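Student: Turn this into a structure:
(chains A and B)
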Amino acid sequence: VNGHVDRADRALVELKVRATASAKSTTITAWVDTAFTGELVVPRATIDLLGLSQSSVVGAGLADGKQVVLGTYSCVVEWFDEPRQIEVIESVVRATWYRITARLQATNRLSFADADNHLAGDCERFAGATRPNWR
Amino acid sequence: MSTEQANDVARRARAIYDAKLREKLTATNSEEFVAIEPDSGDFFVRETLSEAVQAARAAHPNRLPFTLRIGHEATVELGILHS
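Tutor: Below you'll find the predicted structure:
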């Protein structure tokens, strides 16, 4: 999985997401967000666009300490060239980045390049979450 | 599922967790995820959120489980504010 770092120092990766293994995929740009401890969070509009089915309910903690109950939805992502069924979480904000964490697969390492294709940094697992290690 | 229904699933599953599972699972499976189907009381402990949900859905394909992260109040930390 290749990505890049934008002007705001966000680590971004391109992901192919689809509802089922045989469904048409949509490419999204996901922000590897160190504050997020789930697997992938997407806006409601994308859940509707992909036709994802609700699979579970979770309690989500927000930055201000509040908790909300949110739905999770099953989808298939291409992760290091392998299809993986994961549960995405519905975003609680109206406009947001897609956000992903390397908790998806502990053994893989995500690397990012800048606009000139120079390695700009990578993410590694640390205490159960990803931490950026920018150069 | 409406917000009211989702809250009801969460409330009933949390009651099962608090009464029967919290103490034991915190000691044996801390940091893992447990998906609880509140109608049956069946629960499924796995290393990831996705694995726990998928195990519960395989056993009860027409019912939604509530999934918790063992040892945490929230299943996931979103790290953002509600708008």
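Student: From now on I want contacts and neighbour counts done on CA atoms only, so please keep to that.
Tutor: OK.
Student: Any idea how far apart the tips of stretch A:48-63 sit?
Tutor: 26 Å (Cα to Cα, to the nearest Å).
Student: ditto for stretch A:32-47
Tutor: So stretch A:32-47: terminal residues 19 Å apart, Cα to Cα.
Student: when you scan stretch B:55-67, is anything in it near chain A?
Tutor: Yes - judged by Cα under 8 Å from any Cα of the partner chain, stretch B:55-67 and chain A are in contact via B:57, B:64-67.
Student: First residue to last residue on that stretch, what's the distance there?
Tutor: Counting by Cα to Cα, you get 11 Å between the two ends of stretch B:55-67.
Student: distance between the lowest-mean-pLDDT helix or strand in chain B and the chain's centre?
Tutor: Counting by mean pLDDT, DSSP states H and E, chain B has its least confident helix or strand at strand B:76-77, which shows a mean of 82. With Cα atoms, centre = their mean, to the nearest Å as the basis, strand B:76-77 stands 13 Å off its chain's centre.
Student: show me where chain B has strands.
Tutor: For chain B, applying DSSP state E gives strands covering B:33-36, B:43-46, B:66-69, B:76-77.
Student: now those as a markdown table including mean neighbour count?
Tutor: Shown next, in a markdown table, are those (neighbours: other Cα atoms under 10 Å in any protein chain shown):
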| stretch | mean neighbour count |
| --- | --- |
| strand B:33-36 | 28 |
| strand B:43-46 | 20 |
| strand B:66-69 | 29 |
| strand B:76-77 | 21 |
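Student: Quick one: closest of those to A:Gly71.
Tutor: Closest approach to A:Gly71 among the strands of chain B (Cα to Cα): strand B:66-69, 9.2 Å.
Student: Give me the mean pLDDT for that closest one.
Tutor: What strand B:66-69 shows for mean pLDDT is 96.
Student: quick one: strands adjacent to it?
Tutor: strand A:54-61 (parallel), strand B:33-36 (antiparallel) (DSSP bridges).
Student: which residues are in contact with the shortest one?
Tutor: Just to be clear, that refers to strand B:33-36. Residues outside strand B:33-36 that contact it (Cα atoms under 8 Å, 6 or more residues apart in numbering or on different chains) are B:13, B:17, B:42-49, B:52-53, B:56, B:65-70, B:75.
Student: is the residue nearest the centre of chain B in a bridge, and if so with what?
Tutor: The centroid of chain B falls nearest to B:Thr67 when counting by Cα atoms, centre = their mean (1.9 Å). In this entry, B:Thr67 is beta-bridged to A:Val58, B:Ala35, by DSSP bridges.
Student: What are the boundaries of the helices in chain A?
Tutor: Applying DSSP state H to chain A gives helices spanning A:44-50.
Student: what's the weakest-modelled helix or strand in it?
Tutor: Lowest by mean pLDDT, DSSP H and E among the helices and strands of chain A is strand A:129-134, with a mean of 40.
Student: For chain A, give the strand that spans the most residues.
Tutor: Secondary structure of chain A per DSSP E: the longest strand is strand A:67-79.
Student: Partner strands of that strand, with direction?
Tutor: Strand A:67-79 has the following strand partners under DSSP bridges: strand A:11-18 (antiparallel), strand A:54-61 (antiparallel), strand A:82-90 (antiparallel).
Student: returning to what we had before: other SSEs contacting the least confident helix or strand of chain B?
Tutor: With contacts defined as 3 or more Cα pairs under 8 Å, 6 or more residues apart in numbering or on different chains; DSSP states H and E, strand B:76-77 has these neighbours: strand A:54-61.
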